[in-house]
Structures are given as structure tokens and as C-alpha cells.
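Engineer: The following block contains a protein sequence and its predicted model.
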Amino acid sequence: MRQYVAFLNMLHERNLVDLDKIEDWWIDRVKEYFESKPFILHYDQSKSFRIIFNDLLSQAEQRQAQSPGSTIVGTMLQHLVGAKLNLFLEKPVASYGASVADKATNKEGDFIIEDVVIHVTTAPSESLIAKCQRNIDSGFRPIIITLENKINVAKELVLGTP
């Protein structure tokens with residue numbers, strides 16, 4: 001990869017290549033790759049939605065493990081929450097990029113419905129709890145939605161370790 005980047009830089013310095021076109025080409029290859037490996041929702045009426053969604057999130061975890069640094073599980077979780085909200089609300093909720101920091105977009109959380117702020121995370125943290133406190137101080141009611149195995153982490157952060 002380093003040799004490839006050095007080669008591209010050399011071509012660019014000599015005005016022999018358009019790096020934007022090369023970047024677009026690689027983006028298309030990545031899209032093709034992921035389009036060839038879709039997530040599969042195994043719908044089975046004998047199973048609960050919790051089991052069905054856990055299977056979907058498990059697929060995302062496996063894919064994320066193959067792509068270190070990616071946020072596939074968090075992105076999927078946020079999209080699932082947004083889809084569920086849109087099924088029940090009269091008007092659609094605003095949707096932002098899952099990996100976009102709230103601060104950068106001036107938003108209180110991932111979803112805002114009247115005075116409720118919903119934070120969707122796969123990794124509850126002290127900074128999230130501080131953000132929830134700022135929500136409360138501003139008159140909002142924060143809700144944290146996280147993975148089943150992270151619920152106790154969120155509780156401990158809110159309540160303090162026993």
C-alpha cells in the first residue's frame with residue numbers, strides 16, 4: 001500500500017493523474033464489495049424481534065471485526081432505531097450520519113422528539129453521560145439506547161459503580 005501511495009503521489013507531482021478520479025474509482029470498488037455482501041434479515045415468525053435483530057447485529061459485528069476501525073454495528077443500530085421511530089411517529093425524524101459527532105452538527109443527540117433526546121451508542125461513556133446531563137440542564141429528557149451487553153455499563157456510569 002505504501003508503494004502504491006508513493007506511486008500515486010509521484011504521478012500526481014508530475015501532473016499525470018487525477019487523484020479525485022482514482023479516489024472515486026476506489027470508492028466504487030468498496031461500494032461494489034459491500035453490495036455483494038448484503039446483510040440478511042432472517043425473518044422467522046417463531047422468533048422474537050429481539051432474536052431477529054440480535055442476529056442482524058451479529059452479522060454487523062462479524063463484518064466490523066473484519067474491518068478494524070469501522071463503525072458498522074453503531075451505524076446499523078442507529079438506522080434500526082431511526083426506522084423504528086419513523087414507523088410510529090407522524091412526521092419523520094431527522095437522520096444524520098451515524099458516525100457524525102453531535103457537537104459538529106450542533107445537535108443534542110442522535111434523535112430529538114419534542115423534549116426527548118435519544119442517544120444511540122455501542123459504547124456508553126462518561127462523555128455521553130455528561131452530554132445527557134447537559135440535555136437535562138437544557139430541559140430535555142435523554143434516553144440512551146445501546147446494545148444488550150452494554151446496558152450495565154451505561155447503568156454503572158449513571159449510578160456510579162456500587
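Structural biologist: All right, it came through fine.

Engineer: give me the number of residues near Pro124?
Structural biologist: Pro124 has 22 neighbours, counted by other C-beta atoms under 10 Å. Heads up, the C-betas are built off the backbone N, CA and C, glycines and all.

Engineer: Settle this for me: it is touching Asn152, isn't it.
Structural biologist: No - counting by C-beta atoms under 8 Å, Pro124 stays clear of Asn152, with 9.4 Å between them.

Engineer: Now the common contact residues for these two.
Structural biologist: Both Pro124 and Asn152 lack any common contact, where contact means C-beta atoms under 8 Å, 6 or more residues apart in numbering.

Engineer: From Glu148, how far out is the most centrally placed residue in the chain?
Structural biologist: Nearest to the geometric centre of the chain sits Thr75, at 2.3 Å (C-alpha atoms, centre = their mean). Counting by C-beta to C-beta, to the nearest Å, the separation of Thr75 from Glu148 is 18 Å.

Engineer: so where's this protein uncertain?
Structural biologist: Within the chain, the ranges that satisfy pLDDT under 70 run 95-106, 161-162.

Engineer: mind redoing it with 80?
Structural biologist: Within the chain, the segments meeting pLDDT under 80 span 34-35, 94-106, 161-162.

Engineer: And the strands in it?
Structural biologist: 111-113, 116-120, 141-145 (DSSP state E).

Engineer: want to throw the ones you listed into TSV with mean neighbour count and distance to Asn86?
Structural biologist: Below are the strands of the chain laid out as TSV (neighbours: other C-beta atoms under 10 Å; distance: least, C-beta to C-beta, whole Å):
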stretch	mean neighbour count	distance to Asn86
strand 111-113	17	10
strand 116-120	20	13
strand 141-145	17	15
